[in-house]
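Colleague: Curious how this folds, go ahead:
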Amino acid sequence: MTSPENAHLAKIRLYPIKSLDPMEVSSARIAPSGALVGDREFALFDQQGKYINGKNNPLVHRLRTSYDLPNRLVTISVQGETVTLHLDHQRAELADWFSHFFRQPVEIRQNSEAGFPDDTESPASTIVSLATLETVQSWFPDLSLEQIRLRFRSNLEIAGVPAFWEDSLYGRAGVSVPFQIGAVTFCGTNPCQRCPVPVRDPFTGENYPHFVKIFTQQRQATLPQWVEASRFNHFYRLTVNTKVPPSEVGKTLSVGDAIHLNPPQIG
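Modeller: Numbering: from 1, shown residues only. From the prediction side, this is the model:
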């Protein structure tokens with residue numbers, strides 16, 4: 001599989017507080033872990049040290065968040081109430097606000113170097129193509145394209161490639177596929193196994209009837225013949241997890257950056 005000539009980075013999305021709303025940016029730097037600086041930098045935890053996230057607490061979906069990262073501000077809205085707080089200087093007040101909302105003590109933790117990725121083996125950006133999202137949206141005609149984006153929560157969106165082109169960015173287990181976005185080298189590792197979050201409306205938390213069944217049937221039916229089939233013990237997988245070599249730390253990704261595959265594969 002080759003990279004089409006006009007393949008390019010079309011969107012960059014950060015999720016400053018894990019599980020809450022994204023923010024779209026035009027550029028982002030690579031953090032020491034390989035993640036994007038500011039992505040999943042903060043996370044909410046309960047008294048047992050477990051994440052409070054969309055997987056285990058549907059109340060998360062009712063929260064709307066927006067960010068002013070240069071000034072380190074987050075604005076949270078729910079049911080007509082809006083509050084703006086400083087992510088650093090008002091951390092205690094922010095924790096109190098979340099504790100009141102979730103009706104349990106909430107701790108806010110920060111990791112500015114690695115964030116809080118779901119896949120700690122491949123903690124860099126998740127990648128999907130615009131054509132893939134449009135295809136998935138066609139399986140659920142009553143959902144908008146933006147609804148699909150919000151359900152699958154990818155960092156990087158590629159345009160100028162066919163649907164499921166990103167499935168060329170991984171090989172068999174233990175094999176990484178190198179590719180470049182602008183000046184940054186990535187290594188694709190695996191198709192991302194999905195959790196209950198895509199099933200739910202990102203604004204209400206309401207479950208979409210038979211979402212997983214519809215998705216898995218369609219994903220299997222449309223899986224490209226050239227895909228490494230051994231990575232699909234089931235078909236509830238979408239987007240690609242990645243790693244970034246240490247040499248790339250501090251480099252910048254920008255919307256519009258060209259995308260190229262870099263053979264050979266790395267074992």
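Colleague: Can you tell me the element the closest residue to Ser129 other than its chain neighbours falls in?
Modeller: Counting by C-beta to C-beta, 6 or more residues apart in numbering, Ser129 lies nearest to Ile158, which is 4.5 Å off, once chain neighbours are set aside. For glycine as for every other residue, the C-beta is placed from the backbone atoms N, C-alpha and C. Following DSSP states H and E, one finds Ile158 within strand 156-159.
Colleague: mind checking how far that strand is from the chain centre?
Modeller: 12 Å (C-alpha atoms, centre = their mean, to the nearest Å).
Colleague: cool, stretch 187-199 as well?
Modeller: Counting by C-alpha atoms, centre = their mean, stretch 187-199 comes out at 9 Å from the chain centroid.
Colleague: can you tell me the average pLDDT over that stretch?
Modeller: Per-residue pLDDT over stretch 187-199 has a mean of 95.
Colleague: Can you name every helix or strand that the very next helix or strand once past the strand holding Ile158 contacts?
Modeller: Downstream of strand 156-159, the first helix or strand assigned by DSSP H and E is strand 177-181. With contacts defined as 3 or more C-beta pairs under 8 Å, 6 or more residues apart in numbering; DSSP states H and E, the packing partners of strand 177-181 are strand 184-193, strand 259-261.
Colleague: Outside of strand 177-181 itself, list whatever touches it.
Modeller: Applying C-beta atoms under 8 Å, 6 or more residues apart in numbering, the external contacts of strand 177-181 come out as 3, 9, 156, 168-171, 185-188, 253, 257-263, 265-266.
Colleague: One more pass at 7 Å, please.
Modeller: 9, 169-171, 185-188, 253, 257, 259-262, 265-266 (C-beta atoms under 7 Å, 6 or more residues apart in numbering).
Colleague: give me phi/psi at the most centrally placed residue in the chain?
Modeller: In the chain, the centroid-proximal residue (C-alpha atoms, centre = their mean) is Ser154; its distance is 3.0 Å. Phi and psi for Ser154, reported as degrees, to the nearest 10, are phi -80, psi 160.
Colleague: Now do the same contact list for it.
Modeller: With C-beta under 7 Å, 6+ apart, Ser154 has these contacts: 13, 126-128, 239.
Colleague: cool, and Trp97?
Modeller: Per C-beta under 7 Å, 6+ apart, neighbours of Trp97: 76, 83.
Colleague: Across the sheet, point out what pairs with Glu157.
Modeller: Beta-bridge partners recorded for Glu157 (DSSP bridges): Lys11, Val128.
Colleague: coming back round to it: including distance to Glu24, pLDDT and neighbour count, could the contacts of Ser154 go into a markdown table?
Modeller: Formatted as a markdown table, the contacts of Ser154 follow (distance: C-beta to C-beta, whole Å; pLDDT from 0 to 100; neighbours: other C-beta atoms under 10 Å):
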| residue | distance to Glu24 | pLDDT | neighbour count |
| --- | --- | --- | --- |
| Arg13 | 6 | 98 | 21 |
| Thr126 | 15 | 97 | 22 |
| Ile127 | 16 | 98 | 24 |
| Val128 | 15 | 98 | 25 |
| Thr239 | 17 | 98 | 24 |
